[in-house]
Every structure is written in structure tokens, then in C-alpha cells.
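> Kindly return the folded structure for what I paste below:
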Amino acid sequence: MAHSHGHDHGHDHTHHANKKALLISFILTAAFMIAEAIGGFLSHSLALLSDAGHMLSDAVSLAVGLAAFIFGEKLATGSKTFGYKRFEILAALFNGVVLIVISIIIIVEAFDRFFSSTHVNGTDMLWIAVLGLIINIVVAWILMRGDTSENLNLKAAFLHVIGDLLGSVGAIIASLLILFFDWNWADPVASILVSVLILVSGWRVTRQSIHVLMEGTPSGIELQDVVEAVQSVKGVKNIHDLHVWSISSGINALSCHVVLEGDRDSLIKSQEILQDIEHTLLHKGIGHTTIQIETADHDHEDSILCSIQDDEGKHHHHHH
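Numbering: from 1, shown residues only. The predicted model follows:
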């Protein structure tokens, strides 16, 4: 099990880096969001206001993400045996839903704008949008140095920022069109484009979070692959009652019953076989395992007894 210890140490290190990345990003985003909202009101720009709305959802998502990391560090308790790791997934779900709501509000507002003649101050809009772009690039760079591929929470925050970045680009283009051609309609068009981007990323994060909360098989793990890996361990006859799920992003768990070859004598070797199985699964990205060892003759005993034991085993496992 020495192998997993090294892995945990690495995990702690990226965890700390992720937390720091989120904190710095949150401070930058929140500060600029306030500036952008004021700028949006002063220049009558919906694109800036929509970008500020997006920045607000960013700041919220970063704050919730940060809270999730801090909560996630809390150790397991008697009532929450996996600790608070799931909080992170709830945070990602909350983020996704917030993104969807904000984007719908902006789209509705933009359609209203098409039919009203609001004059937008292109110069103010341009300056604020350029500043926004710079801030977003810095925040995206900070987050990219974190672990955005594995961690759903960080990924949600990163998607927010990328959407923002594109929003700033949209606002810059719109402000140039207003300055040079006096095309005021460019403002609502830019805000609609931003909203669609926000909507897509929000939907994606929401879907992934729900998958984890529904105990879905983690992405990147093929059940057949797991079955073959376990059966390839010397001394294993077959495997049944297999469940694989995620506790939080990057933390996968498994429970199963493994039938050993031979009779009761093979139980003496079961500890070695168990360690082999755990080691094999660790390489498949599954760190938390609950494995019930059975012998082949147990398999052929009275089948009713077996199914009752199976049910009890499952029951017992869930209460734990």
C-alpha cells in the first residue's frame, strides 16, 4: 500500500495549489466585476453588463469552489463517512445552474434592446472591455496551472473564466463597431453570443455533476475493463456485484464480490490476492475499494442462502 501513500501526497500538493489558484482568481474577478458593472451602467452597454453578470457568476463560482475545497478538507465524521468531498460536486452543480439562469436573463434583456434605441458610449465600453480581457487572461492562466482536467470544481471555474474572456472579446468588437459605424445593435448581439457560450458551459458542468451525484460510473472508467483487470489477478475465478462510482472528482470508489479459485484453503492466500487486486485497481484510477472475498465452494452452496447473504452484504455496505 506504499504506492497509494505517494499518490495521496501528490494529491495534497495539487489540492493546495488549486485552492491558492482559486483564491487569487476570486479576488481579481470580484474586484473587476464591480468596476465593470459601474462601467456598464455609465456607458449604457448591455454587453458590459452581461459580462459583469458573468463575472458575478464567476466570482460566486470561485467563492463556492473555494468553500468546497475548504469543506472538502474536513475529515470524515460518524455521520459523513466520506468526509465533505461531495460538497465540491454540489458546488459544481450550483455553478452550472447559476450559469444557465444568468445566460437566459441576458438573452431576454438583449432581445428587448433590439427594439429600444439606447445609445451606447463606445469609448468607455472599449476601455473597460480591454481591461476585462487582460484580467480574464491573467485569471485563466492562474487556473490553468491548477488541475483543470481532473477536478470538476476547478474545471467549472475555468469554463466560467473562458466564457468571460470571450465575452470581453465580444464587448471589444462591439465597442469598435459602435465607435466606427455607430452600430448600436452590435451591443445586444455581443451579449447574446456571450450568453449562448455561458449556457453551453453551464449545461455541461450541470450534466457532469448530476452524473456524479447519481453515482454514475466515472468517466474514463470502463466496467468491462475493470472486470478483466480483476479476473487477470492470479487466484481469482470471477467477480460479481460490481459497483464503481465517484465520491468527488478524481476520487473513485468500488465495491464487489470476488470468487477465488480452489476451496477454503485458498482463503489462506486471500490476503495476498486482495492486495494484488487493490494494486491492480489503483492503476485503473480506483483508490477506495470494498472487496468481499468468497471461495468457489461458497458459490455453489444453497443459492437462496447466497442471495440473502448478498442482499445483507449490500445493505450492510450502504449503511456504512
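> Could you look up the SS state of residue 221?
Counting by DSSP: H, G, I helix; E, B strand; the rest coil, the backbone at residue 221 sits in coil.
> Look up phi and psi at it.
phi -120, psi 120 (degrees, to the nearest 10).
> And it, how far from residue 253?
11 Å (Cβ to Cβ, to the nearest Å). In this view, the C-beta of every residue, glycine as well, is placed from N, C-alpha and C.
> can you list residues touching both of the two?
When contacts are counted by Cβ atoms under 8 Å, 6 or more residues apart in numbering, residue 221 and residue 253 have 244, 286 as shared neighbours.
> Okay, helices next: where are they in the chain?
Residue ranges of the helices in the chain, as given by DSSP state H, are 2-43, 46-73, 87-114, 122-144, 152-181, 186-213, 223-231, 270-283, 296-299, 303-319.
> isn't residue 36 right next to residue 128, touching?
Yes: in this structure, residue 36 sits in contact with residue 128. The criterion is Cβ atoms under 8 Å, and the distance is 5.9 Å.
> Common neighbours of the two, please.
Common neighbours of residue 36 and residue 128, counting by Cβ under 8 Å, 6+ apart, are residue 48.
> which residues sit in contact with residue 30?
When the contact criterion is Cβ under 8 Å, 6+ apart, the partners of residue 30 are 59, 63.
> distance of it from residue 253?
35 Å.
> And residue 218, by the same measure?
Separation of residue 218 from residue 253 (Cβ to Cβ) stands at 9 Å.
> Identify the contacts common to these two.
Counting by Cβ under 8 Å, 6+ apart, the common neighbours of residue 218 and residue 253 are 244, 245, 246.
> Mind checking which of those are in strands?
Helix and strand membership here follows DSSP state E; of the shared contacts of residue 218 and residue 253, those in strands are 244, 245, 246.
> Excluding chain neighbours, what is closest to residue 26?
Distance criterion Cβ to Cβ, 6 or more residues apart in numbering; nearest residue to residue 26, sequence neighbours excluded, is residue 62 at 3.9 Å.
> How about residue 25?
Excluding the flanking residues, the one nearest residue 25 by Cβ to Cβ, 6+ apart is residue 139, at 4.5 Å.
> related to what we said a few turns ago, of the shared contacts of residue 218 and residue 253, which is the nearest to residue 102?
Out of these, the one with the shortest distance to residue 102 is residue 246. That distance is 27.0 Å, counting by Cβ to Cβ.
> Show me what that closest one bridges to in the sheet.
residue 252 (DSSP bridges).
> Against residue 78, how distant is it?
Between residue 246 and residue 78 the distance, using Cβ to Cβ, works out to 23 Å.
> contacting residues for the residue nearest to residue 244 when sequence neighbours are not counted?
Closest residue to residue 244 apart from its sequence neighbours, by Cβ to Cβ, 6+ apart: residue 254 at 4.8 Å. Contacts for residue 254 (Cβ under 8 Å, 6+ apart) come out as 226, 242, 243, 244, 245, 281, 286, 288, 289, 290, 291.
> Any chance of CSV for the ones in strands among the shared contacts of residue 218 and residue 253, columns pLDDT, distance to residue 152 and neighbour count?
As requested, those are arranged in CSV below (pLDDT from 0 to 100; distance: Cβ to Cβ, whole Å; neighbours: other Cβ atoms under 10 Å):
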residue, pLDDT, distance to residue 152, neighbour count
244, 93, 17, 22
245, 91, 14, 19
246, 88, 9, 24
